[in-house]
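S.K.: all I have is the shape, not the residue letters:
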């Protein structure tokens, strides 16, 4: 009889532990994972986080890794919205598809949550070239002109 009672006690203890143990992953954690995964996709110029996100980055001096990401985390699932700016000349559907795949894989692998949706919103296209590229182009033109003058 003691053996039966011990088994019952063990079962009750296990049930109590199962009922009380819970893992809750913060929306912020999921948004950082999604933001990093999305920003690493070729063709993504940046994340679009709006005015408030930009001000926060300026004052804190830190890069906001969850910028442009909105998540809804349930008990075992997540829905994610990604707001991006693409580089000029890329095929947008290919970039969006790659973002969906990478974000889904990263979030599911790291958190164990089932990702139900990854919605990609293209907020803009980066068309201007950077100052470094402009200076490099100008220097190449000057060098070419100088070589042409020396040859003549």
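M.R.: Noted; the coordinates are in hand. Just so it is clear, the structure is predicted and the values come from calculations on it, not from any experiment.

S.K.: any chance you could map the helices in the protein?
M.R.: Secondary structure of the chain by DSSP state H: the helices cover 2-20, 27-39, 50-60, 92-111, 131-151.

S.K.: so which elements touch the fourth one?
M.R.: If I follow you right, that is helix 92-111. Using 3 or more CB pairs under 8 Å, 6 or more residues apart in numbering; DSSP states H and E, the elements in contact with helix 92-111 are helix 27-39, strand 77-87, strand 114-126. No exception for glycine: its C-beta is placed from N, CA and C like everyone else's.

S.K.: any idea of the pLDDT on the closest residue to residue 117 other than its chain neighbours?
M.R.: Leaving out its chain neighbours, the residue that sits closest to residue 117 by CB to CB, 6 or more residues apart in numbering is residue 79, at 4.5 Å. pLDDT recorded at residue 79 is 96.

S.K.: from residue 104, how far out is residue 79?
M.R.: Distance, residue 79 to residue 104, by CB to CB, to the nearest Å: 11 Å.

S.K.: intersection of neighbour lists for those two?
M.R.: Residues touching both residue 79 and residue 104 (CB atoms under 8 Å, 6 or more residues apart in numbering): residue 115.

S.K.: could you report the pLDDT at the closest residue to residue 84 other than its chain neighbours?
M.R.: Excluding its sequence neighbours, the residue lying closest to residue 84 (CB to CB, 6+ apart) is residue 44, at 5.3 Å. Residue 44 carries a pLDDT score of 92 in this model.
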